[in-house]
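Asks: attaching a predicted model along with its sequence, questions to come.
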Amino acid sequence: GWGLFAFVLNYTPVSLARAIQGSGFVVLAFFSIFFLNHKLTIWEWAGVIICTGGIVALGVSESAGNQTPSEIIPSRLITTVVLSSVVCLLIYKAQKLFNCGFKWVVVFSIFAGVMLGTGDVLTKGILIETGKKFYAIGFGVIFPAMIFFYLLGLFFLSRAYQHGRAILVTAVSDFSSRLIAIFLGVYALGEVFPEEILYRDMRILGLAAVLSGTLLLGRFSGEEVGEELKKV
């Protein structure tokens, strides 16, 4: 799956590619209908429709004439990654020392999403630098950082699973990773929105729709499917 994602990043901005991965929840929802005889609620159907509409809007907004090349802005990338890491640390300390804020399952899920989303952006960074034949930067600097953030994200993900249900962990971490990837893609990789008002509005609405649809379909995780399979 990661290999296909990296392949797609050769042709698509990471802010779009990461958002379009919201289609995974839509596919899983339909699988649950046809193979598990699951009946979707009104909110779940709304999530399917909103997420699907958002994906279509994103695809149209990134037509051949509106493709935006990505270019790493080191100062913005480093500053944002450091700030997001500091915020995660402050949240952890506040919960650890004062027992205030979110529950641990939500805290670790947010951390996991931020780290995994950063890893996705760094994957795009490797492709950008190697495309310019800057192999030393791509493989010598960005690649180790990418591995570090992916491993850190998986660590926090495992901690989150220890503190709560997979449905909640999946929804929160997936939303957080998409949000950070979209923000970093636009802010730190210069993936600007199309200049045409129509395509720009479609891009904004598409991103908002995918994020909101992802939250509505967050229940379709491995845990939910596993429970249905037990009944079958």
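Replies: It's in.
Asks: which residues touch the nearest residue to residue 8 once chain neighbours are set aside?
Replies: Nearest-residue entry for residue 8: residue 17, 5.2 Å, with adjacent residues in sequence omitted and distances by Cβ to Cβ, 6 or more residues apart in numbering. For every residue, glycine as well, the C-beta is placed using N, CA and C. Under the criterion of Cβ atoms under 8 Å, 6 or more residues apart in numbering, the contact partners of residue 17 comprise 5, 8, 9.
Asks: give the rounded mean pLDDT of whichever strand or helix holds residue 84.
Replies: In this structure, residue 84 is located in helix 74-98 according to DSSP states H and E. Taken as a whole, helix 74-98 has an average pLDDT of 86.
Asks: which positions in that helix come out as buried?
Replies: By neighbour count with 16 or more other Cβ atoms under 10 Å, helix 74-98 contains the buried residues 77, 80, 81, 84, 85, 88, 91, 92, 95.
Asks: which residues of this protein score low on pLDDT?
Replies: Across the chain, the ranges flagged by pLDDT under 70 are 22, 63-69, 100-102, 167, 218-232.
Asks: regarding it, what is its longest helix?
Replies: Of all segments of type helix in the chain, defined using DSSP state H, the longest is helix 104-131.
Asks: between the contacts of residue 17, which has the most around it?
Replies: Counting neighbours by other Cβ atoms under 10 Å, the top entry in those is residue 9, with 22 neighbours.
Asks: of the buried residues of helix 74-98, closest to residue 200?
Replies: residue 80 (22.5 Å; Cβ to Cβ).
Asks: the closest one: what's it in contact with?
Replies: Here residue 80 is in contact with 183, 184, 187, 188 (criterion: Cβ under 8 Å, 6+ apart).
Asks: which among these count as buried?
Replies: Neighbour counting with 16+ other Cβ under 10 Å marks 184, 188 as buried within the contacts of residue 80.
Asks: just the contacts of residue 80 now: which is nearest residue 157?
Replies: Minimum distance to residue 157 across the contacts of residue 80 is 19.2 Å, recorded for residue 184 (Cβ to Cβ).
Asks: now the closest one: closest residue in space that isn't a chain neighbour?
Replies: Of all residues beyond its chain neighbours, the one nearest residue 184 is residue 121 (4.4 Å), with distances taken as Cβ to Cβ, 6+ apart.
Asks: residue 189: what secondary structure?
Replies: Recorded secondary structure, residue 189: coil (DSSP: H, G, I helix; E, B strand; the rest coil).
Asks: what about the nearest residue to it once chain neighbours are set aside, which SS state?
Replies: On the basis of Cβ to Cβ, 6+ apart, the spatially nearest residue to residue 189 that is not a chain neighbour turns out to be residue 70, at 4.4 Å. Per three-state DSSP, the local secondary structure of residue 70 is coil.
Asks: could I get the contacts of residue 80 as TSV with distance to residue 111?
Replies: As requested, the contacts of residue 80 are arranged in TSV below (distance: Cβ to Cβ, whole Å):
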residue	distance to residue 111
183	16
184	16
187	20
188	19
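Asks: just the helices in the chain please.
Replies: Taking DSSP H as the criterion, the chain carries its helices at 2-8, 14-20, 23-36, 42-61, 74-98, 104-131, 135-137, 143-163, 166-187, 197-216, 222-231.
Asks: of the ones you listed, flag the one that's most buried.
Replies: The densest packing among these, expressed as mean neighbour count by mean count of other Cβ atoms under 10 Å, is seen in helix 14-20 with a mean of 25.
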